[in-house]
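J.: how does the following fold in three dimensions:
(one chain, ligands or ions: 1)
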Amino acid sequence: DPSAYLVEYKNSLTAFNAAKKDTIEGKGRLNNLISSALFEFLGGKGIPTHFIRRIDDTHQLVRSVKIVPIEVVVRNITTGTLCRRLGVKEGIRLPRPLIELCLKDDALGDPLITEDHALLFGWTTTEQLQKIKEIALKVNSLLSEYFLPLGIVLVDFKLEFGTDGEGNLLLADEISPDTCRFWDRDTNDRLDKDRFRKDLGNVLGAYEEIWRRISGKR
Ligand code: UDP
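T.: This is a model prediction of the structure:
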């Protein structure tokens, strides 16, 4: 079926534009379970996604899309590159969600771009960008509400979008502790890839904890 892809979730883990790499047994399975659950949840709330179904522990069936070459980052709390880039303090809750656009280009290190860059170089259109931002904000409020009762604060995350054969804009890629920052509401413990980026230890345990809380809810 040329309109579907089989996605494999791998155990490899990279950070800092792949300057830091590792493999963690069991990580692919957890990200597949988490991502599948979140795509199902968002699909049920009317968000158009590429997700069709989970096939097994490490595979998903998805609609094939042409990826919009922009990474869309949504932030609720300051951390990561935002703090490094602008010299702002970590842990400040923003008065409203902040959307950032980055060009998807590993060789350039996914540079931050403005909306004008995205439009003038034809990486998206005005209409598509409007939809992308609307969906990104909706995903942010849906996921923030989803995670709060699980004792998890959604700090920030990255989304990717694509268009299917009929030109529909779909949320694509993955939604997992590799692409989101999750902080424990009570302890502020990092339950995401920051455990790997910052050598905090017990990376797999954090991903397991996210899945434990999600599967408890389901
Ligand atoms: N992110 C991602 N892929 C990237 C860059 C960022 O999934 O290539 C996610 C990251 O996990 C975090 C959010 O986007 O949840 C914001 O990341 P940031 O810009 O702080 O960059 P990072 O510290 O990940 O380099």
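J.: quick one, helices of this protein?
T.: 27-44, 80-86, 115-120, 126-147, 194-197, 203-217 (DSSP state H).
J.: who touches the residue in the chain positioned nearest to the ligand in this structure?
T.: With Cβ to the nearest ligand atom, the shortest gap between the chain and the ligand falls at Gly80, namely 2.2 Å. Quick note: C-beta positions are derived from backbone N, CA and C, even for glycine. The contact partners of Gly80, by Cβ atoms under 8 Å, 6 or more residues apart in numbering, come to Asp156, Arg181, Asp194.
J.: what do you get for Thr125?
T.: Counted by Cβ under 8 Å, 6+ apart, Thr125 has contacts Leu119.
J.: where does this structure dip in pLDDT?
T.: 218 (pLDDT under 70).
J.: which bits of it sit near the ligand?
T.: 71, 73, 80-82, 110, 156-158, 179-181, 193 (Cβ under 6 Å from any ligand atom).
J.: which of the residues you listed fall in strands?
T.: Secondary structure assignment (DSSP state E) places Glu71, Val73, Asp156, Phe157, Lys158, Cys180, Arg181 from the residues of the chain next to the ligand within strands.
J.: the nearest residue to the fourth one once chain neighbours are set aside and Asp156: what is the separation?
T.: I take that to be Phe157. Once flanking residues are discounted, Phe157 sits nearest to Cys180: 3.8 Å by Cβ to Cβ, 6 or more residues apart in numbering. From Cys180 over to Asp156 the distance is 7 Å, taken as Cβ to Cβ, to the nearest Å.
J.: got it, and Gln60?
T.: Taken as Cβ to Cβ, the span from Gln60 to Asp156 is 23 Å.
J.: higher neighbour count, these two?
T.: Ranked by neighbour count (other Cβ atoms under 10 Å), Gln60 and Asp156 place Asp156 first, with 24 against 21.
J.: just give the nearest non-adjacent residue to the more buried one, would you?
T.: That would be Arg75: by Cβ to Cβ, 6+ apart, it lies 4.1 Å from Asp156.
J.: sorry, back to before: take the ones in strands among the residues of the chain next to the ligand and lay them out in a markdown table including distance to Asn202.
T.: As requested, these are exported to a markdown table (distance: Cβ to Cβ, whole Å):
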| residue | distance to Asn202 |
| --- | --- |
| Glu71 | 27 |
| Val73 | 25 |
| Asp156 | 21 |
| Phe157 | 21 |
| Lys158 | 23 |
| Cys180 | 18 |
| Arg181 | 16 |
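J.: buried ones only from those residues, please, as a ChimeraX command.
T.: In ChimeraX, a selection of the buried entries from these looks like this (16 or more other Cβ atoms under 10 Å):
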select :71,73,156,157,158,180,181
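J.: farthest pair in the ones in strands among the residues of the chain next to the ligand?
T.: For these, the farthest-apart pair by Cβ to Cβ is Glu71 and Arg181; their separation is 14.5 Å.
J.: what's the local residue count around the nearest residue to Ile152 once chain neighbours are set aside?
T.: Of all residues not flanking Ile152 in the chain, Phe182 sits nearest, at 5.0 Å (Cβ to Cβ, 6+ apart). Applying other Cβ under 10 Å, we find 29 residues neighbouring Phe182.
J.: can you tell me which residues contact Phe182?
T.: Phe147, Ile152, Val153, Leu154, Val155, Arg190, Leu191, Asp192, Ile210 are the contacts of Phe182 under Cβ under 8 Å, 6+ apart.
J.: hey, what's it bridged with?
T.: Leu154 (DSSP bridges).
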